[in-house]
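1. let me see the structure of the following:
(4 chains)
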2 protein chains.
Amino acid sequence: MSEVFKKYLAEKSIINEDEFKLIMSLSTLKNIKRREYLLKEGSVWKLNVFICKGCLRLYRKSNDGTENIMQFAIESWWIGDRESLTTGLPSKCNIDALEDTEVLIWTKDDYDYLLSKIPELRAFKERLLARSFDSSQNRVHTAISFTAEEKIQKFKDDYSEIYNRVPLHMVASYLGITRETLSRITNRIEKK
Amino acid sequence: MSEVFKKYLAEKSIINEDEFKLIMSLSTLKNIKRREYLLKEGSVWKLNVFICKGCLRLYRKSNDGTENIMQFAIESWWIGDRESLTTGLPSKCNIDALEDTEVLIWTKDDYDYLLSKIPELRAFKERLLARSFDSSQNRVHTAISFTAEEKIQKFKDDYSEIYNRVPLHMVASYLGITRETLSRITNRIEKK
DNA sequence: CGATTCTTTGAAAACAGTCAATCTGTGTGG
DNA sequence: CCACACAGATTGACTGTTTTCAAAGAATCG
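-> The predicted structure is shown next:
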């Protein structure tokens, strides 16, 4: 299943065959069953994880125990808690699988080694972080300025693939609205 | 006024005296009057801007024309539209001064030159981006899971300095609530 | 001062959340 | 293969919060 990763890298960066082999040599393929956890809050996150197949979610809990989904991740996405990875502090996040999933895993140490050996990988990682920041900012903007209806519409437009793969109550959680509101507004939109 | 910048760099990185002089030699000191604009949406952002003194805000406009504040920035902060800077696309953001402000400016080309000459500056910039991403994620989390009252409380805790320097209706805009709601909830909190 | 900006307050309307019940589809074990 | 359990989605009635609109009061700046 590492072809997904190879294709991904070929499209997004200019890593050569030898470098690719080095990267793969330090990776581990792991299968994660639906509902299985990859990270529970309180423990320190020390991995770099690329998704070859399947779907994961990353969520935090509010004081009252509600789950707030920060990220959905499907094929060709990375997932993890960057903050815990770099600070070494316990994570505030949970990651579990919404489908049976296959991922490639590098430990922090191995990945750091790769970054030091392959400048293009480092550059790639930086571009990725920059784009992640931009989309996080865009999400802040929709969160503070869009109505519920606009948020739903934008989510369908931007992530139609995910919209059709995950339970709706999780989409609601991602958007910061209740499942009932999502259901009602969706019906209202369709009647137009 | 560049002492602020010198102190900032000394605290946050390990740049030596020669490197510091090189960095300064390519900078321009600029005064910005209250209400003056540094960026208007539609134009391309090409600068790196460090604030020595004063206060700026970065906001976007919704479809209906409402201003949504994405960032406040005071002494020792950087401000700018990273997305426009790297993509070269027109910015969706506006930046203007809330107080008379002094900033240090580097053009994109000059700054890229510095990054290539001073590895520690590049490393520093990366750490900064990583932390910016983390705080953006944390802001997403509060935006989708906190009540208005909790958002206000958190803002006061995290940014008391800014809370006391900018108009309240702008704090409301940053939090994604109306000025009336902010006023009412603040009064309610104080009566407790 | 006078003008502008900012903040507060009130009343009504819109909106989203809560609680509870029902409906639907899926998958598992007997 | 059916029955049952379970996760997920929907609906209704109600409550509570936030917005909207309008007006008035306070503070600030030239």
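2. what residues does chain A put near DNA strand D?
-> A:167-170, A:179-180, A:182-184, A:186-187 (Cβ under 7 Å from any atom of the strand). The C-beta positions use only the backbone N, C-alpha and C, and glycine is treated the same way.
3. show me which residues of chain A sit near DNA strand C.
-> Counting by Cβ under 7 Å from any atom of the strand, the residues of chain A lying close to DNA strand C are A:147-149, A:176-178, A:180-181, A:185.
4. related to what we said a few turns ago, top of the residues of chain A next to DNA strand D by number of neighbours, please.
-> Highest neighbour count within those, by other Cβ atoms under 10 Å in any protein chain shown: A:Leu182, with 21 neighbours.
5. what helix or strand is the closest residue to it other than its chain neighbours on?
-> What sits nearest to A:Leu182 in space, not counting adjacent residues and going by Cβ to Cβ, 6 or more residues apart in numbering or on different chains, is A:Ala172, at 4.1 Å. Assigned by DSSP states H and E, A:Ala172 belongs to helix A:168-175.
6. what do you get for A:Asp134?
-> helix A:119-145.
7. from the contact counts, what lies against that helix?
-> If contacts are counted by 3 or more Cβ pairs under 8 Å, 6 or more residues apart in numbering or on different chains; DSSP states H and E, helix A:119-145 sits against helix A:17-25, helix A:108-117, helix A:148-158, strand B:67-74, helix B:82-87, helix B:119-145.
8. tell me the buried residues in stretch A:57-69?
-> Within stretch A:57-69, the residues that count as buried by 16 or more other Cβ atoms under 10 Å in any protein chain shown are A:57-60, A:68-69.
9. show residues contacting it.
-> Where contact means Cβ atoms under 8 Å, 6 or more residues apart in numbering or on different chains, the residues beyond stretch A:57-69 that reach it are A:39, A:41, A:70-73, A:79, A:81, A:92-96, A:98, A:166, A:170, A:173-174, A:176, B:141, B:144-146.
10. could you list the residues in contact with the helix or strand of chain A with the lowest mean pLDDT?
-> None of the helices or strands of chain A scores lower by mean pLDDT, DSSP states H and E than helix A:179-191, at a mean of 89. Applying Cβ under 8 Å, 6+ apart, the contact partners of helix A:179-191 are A:148-149, A:152-153, A:168-169, A:171-173, A:175.
11. do stretch A:74-81 as well
-> A:4, A:8, A:38-39, A:45, A:47-56, A:58, A:71, A:73, A:91-93, A:95, A:128, A:161-162, A:165.
12. could you list which of those residues belong to strands?
-> If you go by DSSP state E, these have A:38-39, A:47-53, A:55-56, A:58, A:71, A:73, A:93, A:95 in strands.
13. the strand or helix carrying A:Lys6 vs helix A:17-25, what angle?
-> Element membership of A:Lys6 [criterion: DSSP H and E] is helix A:3-12. Note on geometry: by axes from the mean of the first three to the mean of the last three Cα atoms, to 10 degrees, helix A:3-12 and helix A:17-25 are set 140 degrees apart in direction.
14. what's the distance between helix A:3-12 and the middle of its chain?
-> Put simply, helix A:3-12 sits 17 Å off its chain's centre (Cα atoms, centre = their mean, to the nearest Å).
15. before we move on, back to that, make a PyMOL selection of whichever of the contacts of helix A:179-191 turn out to be buried.
-> Buried residues among the contacts of helix A:179-191 (16+ other Cβ under 10 Å), as a PyMOL selection:
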select buried, chain A and resi 148+152+171+172+173+175
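16. and for the closest residue in space to A:Lys125 that isn't next to it in sequence, the neighbour number?
-> Computed as Cβ to Cβ, 6+ apart, the closest residue to A:Lys125 that is not its neighbour in sequence is A:Leu115, at 6.7 Å. For A:Leu115, the neighbour count with other Cβ under 10 Å is 16.
17. you'd agree A:Leu115 is up against A:Leu121?
-> Yes: if you go by Cβ atoms under 8 Å, A:Leu115 and A:Leu121 touch, sitting 5.8 Å apart.
18. so what's the residue nearest to A:Lys125 up against?
-> Counting by Cβ under 8 Å, 6+ apart, A:Leu115 touches A:121-122, A:125.
19. save these as CSV, and put in neighbour count and pLDDT too.
-> Below are the contacts of A:Leu115 laid out as CSV (neighbours: other Cβ atoms under 10 Å in any protein chain shown; pLDDT from 0 to 100):
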residue, neighbour count, pLDDT
A:Leu121, 20, 98
A:Arg122, 15, 96
A:Lys125, 18, 97
